[in-house]
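Asker: sequence unknown, structure follows:
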């Protein structure tokens with residue numbers, strides 16, 4: 001679990017409602033948000049979103065602008081009738097300035113344009129949640145294992161003070177390993193948690209990214225990433 005999990009005042013996980021009629025996208029977003037330690041519910045229509053929101057009482061909503069029954073702005077108006085301060089992130093396939101401005105003018109807090117990265121949506125939702133004064137954060141967003149540090153917000157990674165540049169996928173892989181130090185992680189676990197979907201058994205993508213990480217994290221230094229034959233990989237502080 002992350003060292004920077006956002007919590008409700010009573011210590012329970014943050015709740016996020018995902019509203020989109022594309023089931024594959026909803027599933028991916030929900031998994032990515034659950035990975036943050038949050039409780040997630042989803043809806044595929046505006047009617048269902050309003051009903052679910054009343055019961056679930058989310059702390060934030062990820063809302064598609066285009067829904068089968070009525071548009072995202074109408075959903076937003078109905079949600080805000082119940083909770084005037086509810087943070088909302090719009091998902092929009094439209095990239096015209098007028099539509100974005102309309103969404104924000106209607107009361108949306110932020111928006112992302114499809115196609116987007118899961119990392120971007122998670123970061124935007126986290127930022128919206130942090131603005132909510134009723135939420136608390138249990139500790140800093142910096143993960144530390146030995147002399148390796150990873151900042152979950154700025155995405156800065158350093159080892160022994162030296163900055164390391166990672167791609168988005170390398171960052172997610174390292175973050176997952178640093179959240180589980182000294183724990184052997186199987187290729188299947190890594191595929192599920194970092195890539196969020198089944199590669200059809202193509203575990204070699206994990207081997208490939210582990211090799212990328214090793215070149216950046218361990219090159220010229222005492223190794224931190226270890227292969228456990230037949231079991232998976234483990235990250236632990238380097239031994240001198």
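Answerer: Received it, and whenever you're ready, just let me know what you need. Since the model is a prediction, treat every value here as computed from it, not as a measurement. Residues are numbered from 1 along each chain as shown.
Asker: in this structure residue 41 contacts residue 17, no?
Answerer: Yes. Residue 41 lies in contact with residue 17 (C-beta atoms under 8 Å); the separation is 5.5 Å. C-beta coordinates here come from the backbone N, C-alpha and C atoms, glycine included.
Asker: quick one, which of these two is more surrounded?
Answerer: Neighbour count, other C-beta atoms under 10 Å: between residue 41 and residue 17, residue 17 has more, with 24 against 16.
Asker: can you give me the helices for the protein?
Answerer: 23-34, 46-56, 72-82, 97-105, 118-131, 168-179, 187-190, 204-217 (DSSP state H).
Asker: touching both of residue 41 and residue 17, which residues are there?
Answerer: 52, 56, 58 (C-beta atoms under 8 Å, 6 or more residues apart in numbering).
Asker: identify the residue spatially nearest to the second one, adjacent ones excluded.
Answerer: Spelled out, it's residue 56. residue 41 (5.0 Å; C-beta to C-beta, 6 or more residues apart in numbering).
Asker: center of the protein - which residue?
Answerer: For the chain, the residue nearest the mean C-alpha position is residue 122 (3.7 Å; C-alpha atoms, centre = their mean).
Asker: for the nearest residue to that residue once chain neighbours are set aside, grab the count of nearby residues.
Answerer: Spatially, and ignoring its direct neighbours in sequence, residue 122 is nearest to residue 32 (5.6 Å; C-beta to C-beta, 6+ apart). When neighbours are defined as other C-beta under 10 Å, residue 32 has 20 of them.
Asker: isn't residue 32 up against residue 120?
Answerer: No. Applying C-beta under 8 Å as the test, residue 32 and residue 120 come out as separate, 10.3 Å apart.
Asker: ok so, going back, closest to residue 145 out of the helices of the chain?
Answerer: helix 168-179 (5.3 Å; C-beta to C-beta).
Asker: mind giving me the domain split of the chain?
Answerer: Segmentation of the chain into domains, based on the TED database, reads 15-132, 142-235.
Asker: and those domains, which is most packed in?
Answerer: domain 15-132 (a mean of 18; mean count of other C-beta atoms under 10 Å).
Asker: so what's the nearest residue to residue 193 once chain neighbours are set aside up against?
Answerer: Sequence neighbours aside, residue 176 is the residue nearest to residue 193 in space, at 5.3 Å (criterion: C-beta to C-beta, 6+ apart). Applying C-beta under 8 Å, 6+ apart, we find residue 176 in contact with 185, 190, 193-194.
Asker: then residue 22?
Answerer: residue 64.
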